[in-house]
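Trainee: kindly return the folded structure for what I paste below:
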Amino acid sequence: MNKAKKIVKVILDVLLYAFLAICIFCVVLTVFSKRDPDGAVEVFGYQMRVVTSESMAKCELTDVSAYKIKDIPLRSMVFVKVMPDDPAEADEWYRNLQVGDVLTFRYVYTTQVTITHRVVGVTEKETGGFVIDLAGDNVNDEAGQLYQSIDTSIPHNTNYVIGEVVGQSYLFGLIMSFLMQPIGIVFIIIMPCLVIMIMEFVKIGKVVSADKRQKDLEEKKQKDDELEALRRRLAELEQQRGSPGQGETNDSEGGEKS
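Mentor: Numbers count the residues shown, from 1 in each chain. Next up, the predicted model:
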């Protein structure tokens, strides 16, 4: 039974510290990260974005088995390595793009939106620059399979690449989707404080309980010592009461002979 309790305690501790670590991670991102113009979090040259459509969700009609990045479910978090700012480095970056890579980019339909799609073609222009063709994997998407084309040679183009998707996490996406809601913001601020307060109250309770047990033990020892001393005293009195009287004398002693 004690072993089972220890296992449960270890599991609860791991879950607690994992939760606190996630909360701290989110707070650090909020405080120390910089923001993209459309509000994305960027840290050390990487952006973290939550996917809000099913255009890259798994589709049986699209074979992505040969690619590094497979399907990206709705509400997944994608980790985007931001492309270089330097023109020469950016040109080399575009040159190394391959069909199957997944890019996050800004694109204008009626308004400018952020999209994450797969590269389906890269063409280098003779006049300089590249034309990058992109499309979503999910041909069953209700919006239909949409294609985009970005010409990198157009100055100040409103259609431009942000960076390449190098990883994704569905779990982190769900967590961030929740935390981006008003209740999530309250949750991430208040819950760690409550958890820490509870942990401190538990520690204080253990210390008080330990002090009380120690005090009870000391009082019990003192009473036992007093009771033992009393018993010894009673035993001594009983022994004295049972001994011959010290003042008794023989009547014949000192008598005169006739």
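Trainee: give me the low-pLDDT residue ranges for the chain?
Mentor: Within the chain, the set of residues satisfying pLDDT under 70 comprises 1, 23, 26-39, 141-145, 179-180, 182, 184-189, 191-192, 243-258.
Trainee: okay, helices next: where are they in it?
Mentor: 2-32, 87-95, 170-179, 182-242 (DSSP state H).
Trainee: looking at the ones you listed, which is nearest to Glu60?
Mentor: Checking the helices of the chain against Glu60 by Cβ to Cβ gives helix 170-179 as the closest, at 19.1 Å. Placement of C-beta: from N, CA and C, glycine included.
Trainee: and the closest one, how far from the chain's centre?
Mentor: Relative to the centre of its chain, helix 170-179 is centred 11 Å away, using Cα atoms, centre = their mean, to the nearest Å.
Trainee: report the angle between that helix and helix 182-242.
Mentor: Interaxial angle, helix 170-179 versus helix 182-242 (axes from the mean of the first three to the mean of the last three Cα atoms, to 10 degrees): 100 degrees.
Trainee: rewinding a little: out of the helices of the chain, nearest to Thr152?
Mentor: Nearest to Thr152, of all these, is helix 87-95, at 5.9 Å by Cβ to Cβ.
Trainee: ok, so what distance separates the closest residue to Phe105 other than its chain neighbours from Pro87?
Mentor: Nearest residue to Phe105 in three dimensions, chain neighbours excluded: Val161, at 4.6 Å (Cβ to Cβ, 6 or more residues apart in numbering). In this view, Val161 and Pro87 are 14 Å apart by Cβ to Cβ, to the nearest Å.
Trainee: and Leu16, by the same measure?
Mentor: According to Cβ to Cβ, Leu16 and Pro87 sit 49 Å apart.
Trainee: quick one, strands of the stretch 51-200 of the chain?
Mentor: For the stretch 51-200 of the chain, applying DSSP state E, counting those that start in this stretch gives strands covering 77-82, 102-108, 112-124, 130-135, 147-151, 160-169.
Trainee: closest to Asn2 out of these?
Mentor: strand 160-169 (37.5 Å).
Trainee: list the buried residues for stretch 123-136?
Mentor: Neighbour-count burial for stretch 123-136, with 16 or more other Cβ atoms under 10 Å as criterion, is recorded at 129-130, 132-136.
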